[in-house]
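S.K.: whatever this is, show me its structure:
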Amino acid sequence: MKDQFYKYIENLQNVITSKIEEIDGKATFKEDLWQRKEGGGGRTRVIENGAVFEKGGVNISKVFGELPEALRKQFKVEEGNFFACGLSLVLHPNNPFVPTVHANWRYFEMYDDKGNIVTQWFGGGQDLTPYYLFEEDATHFHTVCKSACDRYNDGFYKKFKETCDNYFWNTHRNEARGIGGLFFDYLKETDGFSMQDRFNFVTEVGNSFLESYVPIVEKRKEYTYNQEQKDWQEIRRGRYVEFNLVHDRGTLFGLKTNGRIESILMSLPPKVQWVYNHQPEENSEEVKLLELLRNPIDWV
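M.R.: Below is the predicted model:
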């Protein structure tokens, strides 16, 4: 299963980066191959200063070896070995009318002292962070997510959409990071699903990513914007940074387990503002977004 999934994310990285370069038309991804001294490594690809994307990364990695202390405590074991691989991406556009997008799909195994698998699971999802709300964009993104889920179980979308809304929540701000999407974790061989079933579902979601995001980019990337709208984008990016550094489990885990810092912090946008007590004008599009982020809704 680990070989099957790693081969999948290697190909998916190629597919996604090729399409993003095509859309941008100016910048290309720079590739950075790296090794982890404890075991494993990765292939980081970053795009910067493009015509459409100010910064983005589409990274894959596979790491293995002795369980880090943080994982030993989590699983309540004194020792053990593990394997983990995944693809993680974040794309920050130039135009404030184009939303930021994040996605990741991952697989994990843990072994006993004889090398037998004692637990294994899939996780992942994708979510959208707009700076200005276009309801048809939100509906499109969620409809694609729901269609991918419905091919396997008609209860998956509702469950994983709710999990996403709960997870990407800036509790210290009492607001959502964005308009959600899907988030799932610890998908194991349970409830009548085999690990191959789980693989098929997660890859279905991964394969749907470009369909969920690209049409939105194509529709909004040429919109004219002014400096005030760019400032608003950078203020909202600050909330994105706050979530990633304060709440995001993946970021915190990486920082606690000697992860590769450049890859972990790849998700942060290049330009951000923190304006003291910023209050947008009443009845503005900015206020409309804030009200929605305090009360997540059903888009499909």
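S.K.: packing partners for the biggest helix by length in the chain?
M.R.: Criterion DSSP state H: the longest helix present in the chain is helix 195-220. Here helix 195-220 touches helix 2-24, strand 81-93, strand 100-111, strand 117-129, helix 135-150, strand 180-187, going by 3 or more Cβ pairs under 8 Å, 6 or more residues apart in numbering; DSSP states H and E. From N, CA and C alone the C-beta is placed, and that goes for glycine too.
S.K.: got the angle between the third one and helix 195-220?
M.R.: I take that to be strand 100-111. 170 degrees (axes from the mean of the first three to the mean of the last three Cα atoms, to 10 degrees).
S.K.: begin at 58 from here
M.R.: Done: numbering now begins at 58, and the last item shifts to strand 157-168.
S.K.: measure how far strand 157-168 is from the centre of its chain, please.
M.R.: 9 Å (Cα atoms, centre = their mean, to the nearest Å).
S.K.: give me the distance between whatever helix or strand comes next after the longest helix of the chain and the centre of its chain.
M.R.: Per DSSP states H and E, the first helix or strand lying C-terminal to helix 252-277 is helix 284-303. Helix 284-303 sits 17 Å away from the centroid of its parent chain (Cα atoms, centre = their mean).
S.K.: I'd like the next helix or strand past helix 284-303.
M.R.: Next along from helix 284-303, by DSSP H and E: helix 306-313.
S.K.: for the nearest residue to residue 203 once chain neighbours are set aside, helix, strand, or coil?
M.R.: Distances taken as Cβ to Cβ, 6 or more residues apart in numbering place residue 214 nearest to residue 203, at 4.2 Å, with adjacent residues excluded. Here residue 214 is recorded as helix under DSSP: H, G, I helix; E, B strand; the rest coil.
S.K.: list the contacts for residue 214?
M.R.: Contact partners of residue 214, counting by Cβ atoms under 8 Å, 6 or more residues apart in numbering, are 202-203, 206-207, 239, 357.
S.K.: now do 10 Å
M.R.: 199-200, 202-207, 239, 357 (Cβ atoms under 10 Å, 6 or more residues apart in numbering).
S.K.: indicate which one of the helices and strands packed on helix 252-277 is closest to residue 341.
M.R.: Ranking the helices and strands packed on helix 252-277 by proximity to residue 341 (Cβ to Cβ) places helix 192-207 first, at 16.3 Å.
S.K.: tell me the mean pLDDT for the closest one?
M.R.: Averaging pLDDT along helix 192-207 gives 98.
S.K.: next, the angle strand 157-168 makes with it.
M.R.: 20 degrees.
S.K.: and helix 192-207, what other elements does it pack with?
M.R.: Helices and strands touching helix 192-207, by 3 or more Cβ pairs under 10 Å, 6 or more residues apart in numbering; DSSP states H and E, are strand 174-186, helix 213-224, strand 237-244, helix 252-277.
S.K.: and those as TSV, adding distance to residue 136 and mean pLDDT?
M.R.: Output for the helices and strands packed on helix 192-207, formatted as TSV (distance: least, Cβ to Cβ, whole Å; pLDDT from 0 to 100):
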stretch	distance to residue 136	mean pLDDT
strand 174-186	12	96
helix 213-224	30	97
strand 237-244	22	97
helix 252-277	24	98
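S.K.: looking at those, which is nearest to residue 95?
M.R.: strand 174-186 (19.7 Å).
S.K.: now do the longest helix of the chain against helix 213-224, angle only.
M.R.: 70 degrees.
S.K.: between the helices and strands packed on helix 192-207, which one is closest to residue 294.
M.R.: strand 174-186 (8.7 Å).
S.K.: partners of that closest one, with directions?
M.R.: Sheet pairing of strand 174-186 (DSSP bridges) gives strand 157-168 (antiparallel), strand 237-244 (antiparallel).
S.K.: could I get those as TSV with distance to residue 349?
M.R.: TSV is the format used below for the strands paired with strand 174-186 (distance: least, Cβ to Cβ, whole Å):
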stretch	distance to residue 349
strand 157-168	16
strand 237-244	11
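S.K.: now tabulate those in CSV and tack on mean neighbour count and distance to residue 299.
M.R.: Listed next are these as CSV, based on neighbours: other Cβ atoms under 10 Å; distance: least, Cβ to Cβ, whole Å:
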stretch, mean neighbour count, distance to residue 299
strand 157-168, 21, 14
strand 237-244, 21, 17
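S.K.: and the ones you listed: which comes nearest residue 259?
M.R.: strand 157-168 (5.4 Å).
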